[in-house]
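Student: Quick one, fold the following:
(2 chains, ligands or ions: 4)
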There are 2 protein chains.
Amino acid sequence: MATSNGFVDGTSPESALIFLGSGCSSMVPNVMCLLQPSDPPCPVCVQSLSIPPERNPNYRCNTSLLIDYCGDANAGDRKYILIDVGKTFRETVLRWFVAHRIPRVDSIILTHEHADAVLGLDDVRAVQAFSPTNDIDPTPIYLSQHSMDSIAEKFPYLVQKKRKEGAEIRRVAQIDWNIIADDCNKPFLASGLKFTPLPVMHGEDYICLGFLFGERNRVAYISDGLRVPINL
Amino acid sequence: MATSNGFVDGTSPESALIFLGSGCSSMVPNVMCLLQPSDPPCPVCVQSLSIPPERNPNYRCNTSLLIDYCGDANAGDRKYILIDVGKTFRETVLRWFVAHRIPRVDSIILTHEHADAVLGLDDVRAVQAFSPTNDIDPTPIYLSQHSMDSIAEKFPYLVQKKRKEGAEIRRVAQIDWNIIADDCNKPFLASGLKFTPLPVMHGEDYICLGFLFGERNRVAYISDGLRVPINL
Ligand SMILES: [Zn+2]
Ligand SMILES: [Zn+2]
Ligand SMILES: [Zn+2]
Ligand SMILES: [Zn+2]
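Tutor: Ligands and ions are numbered 1, 2, ... in the order given. A predicted model of the protein is given here:
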């Protein structure tokens, strides 16, 4: 398995991990450091705009991982599995999908329902084929019941199956919602790859999911947690 | 009044309009034109990544306007009034606020509650002073009751006044919500400037607000409408 410190071109026979973002919820730079600079100015945020984002360790988008999966089962047929679709989703697609020649997203997994993990869901349509009548293959999304309930409030038009009588046709993302358990004993498959949920405490009253995956190499991805429960 | 075809530096004695975005809901480039190019490729979208966004007519963010208002009443005290906070809000702040030396946002007006007009609201905190306890001056937002109801579902943490007992402190935008009427006979003031709502039909069953403003020069801003009602 390759990680994306160098450029992979999407045709290597190996699986790869592409870190689309590794910043906090409000991303880096901190806008205030630029609009109302301190004296001396914050060196991190000043540098974040002086070097192009694709070569800049101080320009960081919301945490998100793309798994370029080339499993035995796929036999040359690659699958592209995305973890989280935050506020910077489209920006990272423009930057990294184009550079790494990623042609599409096959399935999506959500860690939790905060803005930095889901607020890009409106733009999932950007990685789906165009149809004026929305008659396209839905993209499977795997998420907890808690995340589902929240997303149904935030994005009712992505969840409801039928348009209201007389409502205008809007070109919206077509999604196949799949509920997963907050339970490390309940693995699930996304695009043929097995994921084991790793529930962690985001705050004292809030669960966020990490995931364990990989066959030849085991990878644990935990993007937004304060505390790992002792019984994990 | 100056418009932003050239660079204004935020210190001119005139008011100015800065068009933060003039693209459609899914912005330009169309991601699919880049991930799965046609033959020949779409020239607009190919060009959209080959020139830096700040000099590129084919890199377009969600429609949004910043009014740099220097009224008589303000006497040198400028006010920065933003119309719409869509998906690309933070991206446009990084690009245009820094270039035009805009230090803050004083008030916000929303045209409607679709993703391309409101999905950046989580990042309003980026243009607010930092306080670990959220004890900061709220930014006034002017919006219709319909938009308010929708935003209360999408962003409950931006609307509720009190944290739940035991809930973790999250640093969220502090907002003072102000309901305006969908009525061209009910003008309102934002940061001392008078705005007259111009309700237009977005689709047959959906109202979006445009706005008429300006004292010496009259400006009508209508960003997302299919039909202007005959009785306007
Ligand atoms: Zn900084
Ligand atoms: Zn979170
Ligand atoms: Zn195109
Ligand atoms: Zn709209």
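Student: Mind jotting down where the helices sit in chain A?
Tutor: Here chain A has its helices, by DSSP state H, at A:31-35, A:43-50, A:89-92, A:98-99, A:115-118, A:145-154, A:156-159.
Student: Kindly reformat the ones you listed as TSV and extend each row with distance to chain B and mean neighbour count.
Tutor: All C-beta spots, glycine's among them, are computed from the backbone N, C-alpha and C. TSV is the format used below for those (distance: least, CB to the nearest CB, whole Å; neighbours: other CB atoms under 10 Å in any protein chain shown):
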stretch	distance to chain B	mean neighbour count
helix A:31-35	4	19
helix A:43-50	7	15
helix A:89-92	6	24
helix A:98-99	5	16
helix A:115-118	4	26
helix A:145-154	5	17
helix A:156-159	8	14
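Student: what's the closest of those to residue A:220?
Tutor: With CB to CB, the closest approach to residue A:220 among the helices of chain A belongs to helix A:115-118: 17.3 Å.
Student: does ligand 2 sit close to the closest one?
Tutor: No - against ligand 2, helix A:115-118 shows no contacts by CB under 5 Å from the ion, the least distance being 5.8 Å.
Student: Who are the packing partners of that helix?
Tutor: helix A:145-154 (3 or more CB pairs under 8 Å, 6 or more residues apart in numbering or on different chains; DSSP states H and E).
Student: Which elements pack onto the helix it packs on?
Tutor: Looks like helix A:145-154 contacts helix A:115-118, helix A:156-159, strand A:175-179, helix B:145-154 (3+ CB pairs under 8 Å, 6+ apart).
Student: Quick one: the ones you listed as JSON lines, columns for mean pLDDT too.
Tutor: Supplementary listing: these in JSON lines, determined by pLDDT from 0 to 100:
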{"stretch": "helix A:115-118", "mean pLDDT": "97"}
{"stretch": "helix A:156-159", "mean pLDDT": "94"}
{"stretch": "strand A:175-179", "mean pLDDT": "97"}
{"stretch": "helix B:145-154", "mean pLDDT": "97"}
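Student: out of these, nearest to ligand 1?
Tutor: Minimum separation from ligand 1 across these (CB to the ion) falls at helix A:115-118, 17.8 Å.
Student: Now that closest one - C-alpha only, PDB.
Tutor: Output of helix A:115-118 as PDB, limited to C-alpha atoms (Å, rounded to 0.1, in the frame of the first residue of the first chain):
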ATOM      1  CA  ALA A 115     -20.100  20.400   9.700                       C
ATOM      2  CA  ASP A 116     -16.500  19.300   9.100                       C
ATOM      3  CA  ALA A 117     -17.600  15.800   8.200                       C
ATOM      4  CA  VAL A 118     -20.800  16.300   6.300                       C
END
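Student: hmm, who's touching that helix?
Tutor: For helix A:115-118, the external contacting residues (CB atoms under 8 Å, 6 or more residues apart in numbering or on different chains) are A:24-25, A:62-63, A:84-87, A:110-112, A:147, A:150-151, A:154, A:223-224, B:122.
Student: now residue A:32, nearest residue through space, not along the chain?
Tutor: What sits nearest to residue A:32 in space, not counting adjacent residues and going by CB to CB, 6 or more residues apart in numbering or on different chains, is residue B:130, at 6.4 Å.
Student: tell me the contacts of the one you found?
Tutor: A:32, B:136, B:171.
Student: Ligand 3 versus that one, what's the distance?
Tutor: According to CB to the ion, to the nearest Å, residue B:130 stands 39 Å off from ligand 3.
Student: returning to that earlier point: filter the contacts of helix A:115-118 to the buried ones?
Tutor: A:25, A:62-63, A:84-87, A:110-112, A:147, A:150-151, A:154, A:223-224, B:122 (16 or more other CB atoms under 10 Å in any protein chain shown).
Student: returning to that earlier point: format the contacts of residue B:130 as TSV; extra columns: pLDDT and distance to ligand 1.
Tutor: Converted to TSV, these look like this (pLDDT from 0 to 100; distance: CB to the ion, whole Å):
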residue	pLDDT	distance to ligand 1
A:32	92	8
B:136	83	18
B:171	81	15
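Student: Contacting ligand 3 as well, which ones from those residues?
Tutor: Of the contacts of residue B:130, not one also sits near ligand 3 (CB under 5 Å from the ion).
Student: Which residues are in contact with residue A:42?
Tutor: A:30, A:33.
Student: again, 6 Å this time
Tutor: Residues in contact with residue A:42 (CB atoms under 6 Å, 6 or more residues apart in numbering or on different chains) are residue A:33.
Student: do the same with the one 5 residues further on
Tutor: Contact partners of residue A:47, counting by CB under 6 Å, 6+ apart, are residue A:58.
Student: again, 10 Å this time
Tutor: Residue A:47 makes contacts with A:28, A:29, A:56, A:57, A:58, A:59, as judged by CB atoms under 10 Å, 6 or more residues apart in numbering or on different chains.
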